[in-house]
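Enquirer: 3D, please:
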Amino acid sequence: MYELNICHLYPDLLNLYGDRGNIIALKKRAQWRGINVNISNVTIGDRFDASEHDIIYLGGGQDFEQKILQEDLLNEKASEIRNGIENDRVFLCICGGYQLLGKYYKTCDGKEIEFLGALDLWTIAHEDRMIGNIVFECDFLKSETCDGKIVGFENHSGRTYLGPGVKPLGKVLKGNGNNGEDKSEGAVYRNVFCSYSHGSLLPKNPALTDYLLNLALKQKYKDFTFLAPLDDHLEELAHNSMIKRILK
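Expert: Numbers count the residues shown, from 1 in each chain. Here you go, the predicted structure:
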């Protein structure tokens with residue numbers, strides 16, 4: 001029987017706008033296929049070894065929470081996070097967790113706050129926030145049964161910009177995305193997937209959830225081929241209805 005180990009980093013600090021629902025979606029869609037799932041909650045002061053986990057999750061948080069965990073992140077867990085990324089562990093990082101993987105965050109008064117520098121991206125704060133539903137399109141999800149559209153909810157004042165070593169997660173069809181300028185949303189580097197989409201992201205988008213599960217299982221098991229299909233009739237109705245409403 002297959003088994004997945006999922007790490008929720010800083011669940012007590014990075015859990016904005018119901019982001020814990022992403023962990024629930026990963027767990028349930030794996031279990032419905034007979035795959036065992038172990039969830040580890042790792043926070044400030046806890047030991048973290050990226051090699052022990054198949055999927056690593058960083059949720060969203062405000063500036064206050066990011067400041068609280070910054071020392072632990074940079075001094076205790078940075079090297080393991082970088083090791084995990086370069087060894088192709090699957091990461092999902094939302095909003096604040098997304099920003100923390102970048103080089104720095106520049107505040108409104110011009111101060112640069114050092115972040116992990118694990119990904120070639122950076123964030124600049126603005127006084128006004130970008131808030132609302134968002135729809136974006138992921139080319140890697142497109143298939144005969146999936147149009148690649150993702151629905152979420154964004155609420156962020158930071159504008160994120162990607163360096164040449166990082167690709168956007170998707171192209172914005174409605175909403176702001178990374179910065180409201182270049183129609184990009186999120187970031188992809190190796191097996192790291194980042195997004196500004198809360199709400200939470202994965203329960204609204206079963207195709208993306210399965211993509212991450214499939215990727216993690218293929219990394220872990222040489223004999224794994226594909227996930228058994230689920231009856232997603234209700235999930236797809238909700239997904240498509242929300243996208244139709246936003247794009248109307």
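
Enquirer: pLDDT weak spots in this structure?
Expert: Across the chain, the ranges flagged by pLDDT under 70 are 63-65.

Enquirer: repeat that with 80
Expert: Across the chain, the ranges flagged by pLDDT under 80 are 16-18, 61-68, 199.

Enquirer: now the helices for it?
Expert: For the chain, the helices defined by DSSP state H cover 21-31, 63-72, 78-86, 96-100, 201-204, 206-220, 233-247.

Enquirer: Quick check: which of those is nearest to residue 171?
Expert: helix 233-247 (13.3 Å; C-beta to C-beta). The way it works is simple: take the backbone N, C-alpha and C, and place the C-beta from them, glycine included.

Enquirer: Surely residue 211 touches residue 141?
Expert: Yes: with contact defined as C-beta atoms under 8 Å, residue 211 counts as touching residue 141 (6.2 Å).

Enquirer: Now do the buried residues in the lengthiest strand in the chain.
Expert: When the chain is parsed with DSSP state E, its longest strand is strand 121-137. Within strand 121-137, the residues that count as buried by 16 or more other C-beta atoms under 10 Å are 121-125, 130, 133-137.

Enquirer: what's the spacing between it and its chain's center?
Expert: Mean C-alpha position of strand 121-137 versus that of the full chain (C-alpha atoms, centre = their mean, to the nearest Å) differs by 15 Å.

Enquirer: So which elements touch that strand?
Expert: In terms of contacts (3 or more C-beta pairs under 8 Å, 6 or more residues apart in numbering; DSSP states H and E), strand 121-137 is packed against strand 104-106, strand 149-162, strand 170-174, helix 233-247.

Enquirer: Just want the angle from it to helix 233-247.
Expert: Angle, strand 121-137 to helix 233-247, by axes from the mean of the first three to the mean of the last three C-alpha atoms, to 10 degrees: 110 degrees.

Enquirer: got the CA coordinates for strand 121-137 in CSV?
Expert: Extracted C-alpha coordinates of strand 121-137, given in CSV (Å, rounded to 0.1, in the frame of the first residue of the first chain):
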residue,chain,number,x,y,z
LEU,A,121,11.5,36.2,-6.6
TRP,A,122,10.9,39.2,-4.4
THR,A,123,7.9,41.1,-3.0
ILE,A,124,7.3,44.8,-2.6
ALA,A,125,4.6,46.1,-0.2
HIS,A,126,2.0,48.6,-1.3
GLU,A,127,-0.5,50.6,0.7
ASP,A,128,-3.5,49.3,-1.2
ARG,A,129,-4.6,45.7,-1.2
MET,A,130,-5.5,43.4,-4.1
ILE,A,131,-8.7,41.6,-2.9
GLY,A,132,-11.2,39.5,-4.6
ASN,A,133,-11.9,36.3,-6.5
ILE,A,134,-9.4,35.2,-9.1
VAL,A,135,-9.4,32.8,-12.0
PHE,A,136,-6.1,31.8,-13.7
GLU,A,137,-5.1,29.2,-16.2
